[in-house]
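Colleague: starting from these lines, generate the structure:
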Amino acid sequence: MKELKVLTYNVDELPEKLDLKKLPWILKPISWIYKLIKGTSFIKINDNPDNHSYEIGGYLLKSNPDIAVLQEDFNYHRELMLVLGKEYNDSTHTGKIDFSNIKWLPRPRFKADGLNLIFKKENISTFSEDIIKWNKSYGYISHANDLLTTKGFRFYNVIVDGTFLIKVYILHMDADFYNSNSPNIKGDLEARKSQFKQIINHIKKESCKHSPMLIIGDTNSYDKYEWDKNNIEVNLIHEINHISGLTIKEAVPTNHSDCDKIFYINDEKALFNIELKECHFDMDINYSDHKPLIATFNLII
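Modeller: Here you go, the predicted model:
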């Protein structure tokens, strides 16, 4: 029996602000007009401006996961890997939130998904990486601005100890939830439904290869909201349980509930199973606007 420790963490590595003075020369009038109206050429985009990348790197080292899944790993990835690089490999970093990494037509969008898979050099390897953009997102200059980046999901074939093949999905789903500022979340909820269905379609293609799977990341789906719970039950759990041979369970934390989630899927034809040993949020960590979620699994032949 082998243990596998998995951690997911939205590290909130958006920059504090964007400087419109760095726009391409053809778009400089935007900066001038904005400064005339607002009195500044800076657009504030992060309400949590303190950069804790080195501390997060140190925390991850101390936590010692086999696999760490990061969301919003945008502008300070280099700092993270300066701490982690001796013991961990990383997957593709798609870029920062800045004007050098933006596609302008048909409308501005930063070419970065903020996702990353960090894995131990000692015992974890990967032999595939698919980076897939969501087919449907909602909110461009409102509703959490999901259309400003190329958010989506990624798929990896992961080998543990040279023996266990696990298919790993990592994701960051459409944001925004009901509150006094956003009373209408129909568009956001429809986007999340579409995103679950997009993942299901990918899982169906992979299910014939008979390996356990993990789905890890920021679902932006909260158990306290009935519509989010129903979305997960109907569009994720129900759909996967109706794929021949597959059974999905959530790694339910013992001490907290949030939108950061880990699901594990067993295949009756696989050579081994994944069983949950323990799962919890680390409530003592305050480097981001999220808490790290940690799960330990047993891999049983």
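
Colleague: Ile56 - nearest residue in space that isn't next to it in sequence?
Modeller: In space, Ile56 comes closest to Tyr287 once its chain neighbours are excluded; the distance is 5.1 Å by Cβ to Cβ, 6 or more residues apart in numbering. Yep, even glycine has a C-beta here, placed from its N, CA and C like the rest.

Colleague: quick one, what contacts that neighbour?
Modeller: With contact taken as Cβ atoms under 8 Å, 6 or more residues apart in numbering, Tyr287 is in contact with 11-12, 52, 55-56, 59.

Colleague: those residues: which two are farthest apart?
Modeller: Asp12 and Tyr59 (13.4 Å; Cβ to Cβ).

Colleague: more neighbours, these two?
Modeller: Just comparing Asp12 and Tyr59: by other Cβ atoms under 10 Å the higher neighbour count belongs to Asp12, 23 against 19.

Colleague: any idea how far Gly114 is from that one?
Modeller: Distance, Asp12 to Gly114, by Cβ to Cβ, to the nearest Å: 10 Å.

Colleague: spit out the residues that contact those two alike.
Modeller: With Cβ under 8 Å, 6+ apart as the test, Asp12 and Gly114 both reach Glu72.

Colleague: show me where the stretch 101-250 of the chain has its helices.
Modeller: Using DSSP state H, counting those that start in this stretch, the helices found in the stretch 101-250 of the chain span residues 186-206, 226-232, 239-241.

Colleague: rewinding a little: phi, psi for the residue nearest to Ile56 please.
Modeller: For Tyr287, the backbone dihedrals (degrees, to the nearest 10) come out as phi -80, psi -10.

Colleague: from what I see, Asp218 and Thr8 are in contact.
Modeller: Yes: in this structure, Asp218 is within contact of Thr8 by Cβ atoms under 8 Å, at 7.4 Å.

Colleague: straight-line length of stretch 104-117, end to end?
Modeller: Stretch 104-117 has an end-to-end distance of 28 Å (criterion: Cα to Cα, to the nearest Å).

Colleague: give me the common contacts of Asp218 and Thr8.
Modeller: By Cβ under 8 Å, 6+ apart, the residues touching both Asp218 and Thr8 are 71, 260.

Colleague: can you tell me the closest non-neighbouring residue to Leu299?
Modeller: That would be Lys2: by Cβ to Cβ, 6+ apart, it lies 4.3 Å from Leu299.
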